[in-house]
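# sequence and predicted structure are below.
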Amino acid sequence: MSYRMMVAIVLCCHYLSAFSALGMPLFLPIMLQELNAPLQSGWVGLLFILPTLMTAIAARYWGIFADTYGRKTSLLRAELGLAVGFLICGFSQSLWQLVIGLSVQGLFGGTMAASNAYLATSITDKNALKQVLNFTQFSARLALITAPIGLGFLVHHYEVLSLYRVLAILPLLALLLSFLLKKDVIAAGNIGTTANTTELPKASTKTKTKTKTNNSNSNTAKSDKKETQHSAQSLTSTAFFANPYLFISVLQFFLAFCMVATFPYFLPFAKTFGLSTSQIGQLYAMPHVMYLICQLLYGRISQRLPAMSLSLGFTVLASAVLLHLTDYLPLIWLARMLFGVGMFMCYQSLHTQMADTNQSKHSGKIFSRYDALAKWGGVLAGLSVTLFVPMFGLLSPFVLSAMMAVIAIITIKIYQEKYSKTV
């Protein structure tokens, strides 16, 4: 199979899976009505974050599964898990059956991490991998734009829960297409290894050398062993900055928090400007539209531009969310456009660093943790705004988002001072 065909199949399968998973949560209030369930906002918020929470919990174990049994196998598992979860939701007769279906969707899904892990294993060129990781985000943003439009039309003609039964066809179709992919090779040393790229101090090597050359010198060996243990403890205390994968994943957590915090209460916020439902939908989709535009334009002129700065991306995000505090509608539209540009800059930089530090033999664990921290960021953001909005009003999510962006910028600054790397 050619390189282009392989990438096209993975991206197509990811879009098919993301279409339903990202589009259906918008209609949770209607689902609760169909089940005669209470419509309190707490239920809507809980069900909204439930699949994300379950994905975050299960991500670590599916990462180990992928590195042990293969990334293609893990991708097939994720697509089948989504289909089963959709079917359970589609045939739900009570609120608790819906809860089970959403939980199965989260626990056995995770197509983003599975797709990225497979691509990272199959693509060795760093520049090519960076571009492909950008396009997995492209497919997710495309789903966030097209799913509400398409599903919004269908909701007027069919029951929302019954749509889940039809939408289960999409991940099943992705499952069939994924069978065409080449099976990735699993190295024998993958099982039981870790993805930590930080090298241990050379004291242990010295100990081994001295033991081989002078077995009688036990005191020296013990001294070297203590030195190694001391160095390892120092390494653990700075593991956050020493391990590039963990650092990048934590920044992904910050980015997810910044984005998701603005979502749950965006509808009532936008209504304060007297907008129609259609206009609110356009305003909500604007950042994702800008992301797609930036991606298409950047692909043509990237060779003539400097590398994206992650700290600058978070600065643009912070400025964009604070601009939402204005009462002037044209500035709100500008804020939405800047939000999309900031998202694009952050993802470009994160994907570049992931490609530069990629270890394909650990890609399952690496990308599962990367995706898990994004999910935890979304869960924490959803819970935070649910708590703060009743206390501080509809503008508090944007303040929280800006605060998290500032924390991310400070974290990057500390990292730069320690390692003199541009991020």
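Cool, the structure landed.
# for the rest of this, base every contact and every neighbour count on C-alpha atoms.
OK.
# show me where the stretch 51-200 of the chain has helices.
71-90, 95-108, 111-122, 126-155, 160-167, 169-178 (DSSP state H, counting those that start in this stretch).
# quick one: mean pLDDT for the last one?
Same thing as helix 169-178. Mean pLDDT, helix 169-178: 95.
# and what of the longest one?
When the per-residue pLDDT values of helix 126-155 are averaged, the result is 82.
# next, the buried residues of that helix.
Using 16 or more other CA atoms under 10 Å as the test for burial, helix 126-155 gives 126, 129-145, 147-148, 151-152, 155.
# what is the helix or strand encompassing L334 packed up against?
Taking DSSP states H and E as the criterion, L334 maps to helix 329-356. Secondary-structure packing of helix 329-356 (3 or more CA pairs under 8 Å, 6 or more residues apart in numbering; DSSP states H and E): helix 126-155, helix 244-260, helix 277-301, helix 310-323.
# how about 6 Å then?
helix 126-155, helix 277-301, helix 310-323 (3 or more CA pairs under 6 Å, 6 or more residues apart in numbering; DSSP states H and E).
# I'd like the next helix or strand past that helix.
Defined by DSSP H and E, the subsequent element after helix 329-356 is helix 363-392.
# after that next one comes which helix or strand?
For helix 363-392, the following helix or strand on the C-terminal side (DSSP H and E) is helix 396-419.
# can you name every helix or strand that that next one contacts?
So helix 396-419, by 3+ CA pairs under 6 Å, 6+ apart, packs with helix 310-323.
# residues contacting the helix it packs on, please?
335, 338-339, 342, 345-346, 349, 398, 402, 405, 409, 423 (CA atoms under 6 Å, 6 or more residues apart in numbering).
# got the angle for that helix vs helix 396-419?
160 degrees (axes from the mean of the first three to the mean of the last three CA atoms, to 10 degrees).
# just the C-alphas of helix 310-323, formatted as PDB.
This file holds the C-alpha atoms of helix 310-323, laid out as PDB (Å, rounded to 0.1, in the frame of the first residue of the first chain):
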ATOM      1  CA  LEU A 310       3.800  27.700  21.400                       C
ATOM      2  CA  SER A 311       4.100  30.500  23.900                       C
ATOM      3  CA  LEU A 312       2.900  33.000  21.200                       C
ATOM      4  CA  GLY A 313       0.000  30.600  20.400                       C
ATOM      5  CA  PHE A 314      -1.100  30.600  24.100                       C
ATOM      6  CA  THR A 315      -0.700  34.400  24.100                       C
ATOM      7  CA  VAL A 316      -3.100  34.700  21.100                       C
ATOM      8  CA  LEU A 317      -5.500  32.300  22.900                       C
ATOM      9  CA  ALA A 318      -5.400  34.400  26.100                       C
ATOM     10  CA  SER A 319      -6.000  37.600  24.100                       C
ATOM     11  CA  ALA A 320      -8.900  36.000  22.200                       C
ATOM     12  CA  VAL A 321     -10.800  34.700  25.300                       C
ATOM     13  CA  LEU A 322     -10.300  38.000  27.100                       C
ATOM     14  CA  LEU A 323     -11.700  39.800  24.100                       C
END
